[in-house]
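>>> I would like the atomic coordinates for the input below:
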Amino acid sequence: AAVTTFQRRNNLEPIGHVGKMTRAILNASPASAVSGAPVAPPPPAPTPAPVIPPSGGGGGSAPTPTPAPTPPPISGDTTPPSVSLTAPAASSAVSGIVTVSATASDNVAVAGVQFMVDGVNLGAEITTPPYTVSWNTASSTGGTHTIEAVARDSAGNKAVSTVNVADFKVSNITSAPLINIDCSVPGICSTDSTSTPKQSYAYAPADIDYLGIKHLFLCSTGVPGVNWDVIRYINTGDATIRIILNPDGYAGSGADISACDPSVVLYKGFFYLFYGSAMAINPSDDKAYWKTIGVIHVARSTNIQGPYQILAQDGTWKSATKTPKHIVLPRTISADRDNNHGYHGASWPSAVVRGDKLLLWYADDTDATAPGRVLYRMMTSSDASQWSVATEVETDIAETIISGDVKFDPASGLFVMFHATGIPLRLAELNMRYSADGMHWSPSATVSSLPFYAHNVGVESDEAGNLPGGIFRFSYGAPVGLIDDLSWGYWNNYTGYLSR
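Next up, the predicted model:
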């Protein structure tokens, strides 16, 4: 909304005017007023009028003339008040009931402060401090909003303070979950094409819409005896599901036991596939007693459909390697903070491209300074193979989030994180939160309920991690047949649709 300032002007215009030429003639001497012309003598002074005494006789002197009235002084208060919005912060993400407040002062007195959202009054004018009002963001559409505080004084001078904030709104328009990967069919989610193993699953999708084709990367059943998980891939062009990333697994040092939780972006000519893996903390011991913890690796390809090469410790990209580079390690690596003790480690990477930078969010639950808490962190890099802890910042997300999927929303200018409150919880929900800077996030908001034990949500985006407008997909893992049972490791990938 346009910001209008008001300023009072007081101009005193002259009440009489003597022209330049006339003034010169009047000021000239009689001899020089008109060159060469005789000068007439001045006319005789008029005879004063007789003084008429007041009626009633008695004589007396003439009445004292009444002086001309003195014009009133011109008002001097042309100074506008000062006003400053103190909440919410500029460029912040807002949700729910928001407190809008301002401070105001004036050289005489503040008459009132009127708050506005997108040019519409937010409540009545507040005439005494504190200047504060509540704004229910549910009454506004999602996107960027302009908040104004307009202060005025008794002379009518006004001043305005303005900030822009944003919120994000979305709703689930799915009447029923849709199966897009059915793991009950032999060979779809496992290497066994004749039967369905007890553990057969597809979940935690990276859903990319690129050049008119929808590409889906999923955490899926590993190769028996080789690794825990692999990443399977399918697209709407050929609809054939296949393994696209098959980690080294138990062979060698046990540095790349798993490939799960994919996040895919196009950056500087390559498709980078970030994934969560696991490494052995004590690789020299018997493999049956390995203590493992989560780490994050990256692979790349010039084609979104692969083949992908994994970044090795020597900085090269290889189709297979026993020594992958751990681009992100957990904060604490110790035998008592491993998977068997319930720790995930560095997990659930989520990447977005912004300008010439890569942004990467991940979770870590091993930090000794926050026992039992999953800390979400954000890192920045201009090289997908190089991630420095010097760029790492801890977000202000306080609760435990399993597999948050971060996207950027161009319409509102916000980062949006989607996540599910499923496994190990029976009653699952699709939640979201948003942020202007990727570090400070709004409170979690529930979008809709999900099937029992639903988990690991992935949301459609373009190749840079940008959300589409209008209607877009979200996918998640849930028990095959949507039964009310945990059914650990026997999950289909289901799809729903969200609307802006």
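>>> mind listing the strands the helix or strand Gly477 falls within pairs with, and their directions?
Using DSSP states H and E, Gly477 falls within strand 471-479. Here strand 471-479 is paired, per DSSP bridges, with strand 455-459 (antiparallel), strand 490-499 (antiparallel).
>>> not counting the shortest one itself, show me its contacts.
Contact with strand 455-459 is made by 203-207, 219, 261, 402-403, 405, 407, 418-420, 422-423, 428, 430, 467, 472-478, 498, as judged by Cβ atoms under 8 Å, 6 or more residues apart in numbering. C-beta coordinates here come from the backbone N, C-alpha and C atoms, glycine included.
>>> of those residues, just the buried ones, PyMOL syntax please.
With 16 or more other Cβ atoms under 10 Å as the criterion, this PyMOL line picks the buried residues out of the contacts of strand 455-459:
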select buried, resi 203+204+205+206+207+219+261+402+403+405+407+418+419+420+422+423+428+430+467+472+473+474+475+476+477+478+498
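>>> which ones among the contacts of strand 455-459 map onto strands?
Those of those mapping onto strands are 203-207, 219, 261, 405, 407, 418-420, 428, 430, 472-478, 498, per DSSP state E.
>>> give me the below-cutoff pLDDT ranges for the stretch 151-300 of the chain.
252 (pLDDT under 70).
>>> swap in the chain?
Across the chain (using pLDDT under 70), the flagged ranges come out as 1-75, 252.
>>> can you pull out the helices in it?
20-27 (DSSP state H).
>>> neighbours of the closest residue to Gly187 other than its chain neighbours, how many?
Distances taken as Cβ to Cβ, 6 or more residues apart in numbering put Ser193 closest to Gly187, at 3.5 Å, once the chain neighbours are dropped. Per other Cβ atoms under 10 Å, the neighbour tally for Ser193 reads 9.
>>> what does Ala320 give?
Count around Ala320 with other Cβ under 10 Å applied: 13.
>>> who are the contact partners of it?
So Ala320 contacts Asp248, Ile310 (Cβ under 8 Å, 6+ apart).
>>> how about a cut-off of 7 Å?
When contacts are counted by Cβ atoms under 7 Å, 6 or more residues apart in numbering, Ala320 touches Asp248.
>>> repeat that for Phe217.
Pro205, Ala206, Ile231, Tyr233, Ile244, Pro262, Val264, Leu273.
>>> ok, those vs Thr369, which is closest?
When those are compared for distance to Thr369 (Cβ to Cβ), Pro262 wins out at 29.5 Å.
>>> next, count neighbours for that closest one.
27.
>>> pretty sure it is touching Ala206, no?
Yes - counting by Cβ atoms under 7 Å, Pro262 touches Ala206, with 4.4 Å between them.
>>> how much space is there between Thr240 and Leu178?
From Thr240 across to Leu178, the span is 19 Å (Cβ to Cβ, to the nearest Å).
>>> of those two, who's got more company?
The residue with more neighbours, out of Thr240 and Leu178, is Leu178; 13 against 8, by other Cβ under 10 Å.
>>> in contact with the more buried one, which residues?
The neighbours of Leu178, taking Cβ under 7 Å, 6+ apart as the test, are Tyr494, Thr495, Gly496.
>>> same thing but at 6 Å, please
Counting by Cβ atoms under 6 Å, 6 or more residues apart in numbering, Leu178 touches Thr495.
>>> which strand residues bridge it?
Thr495.
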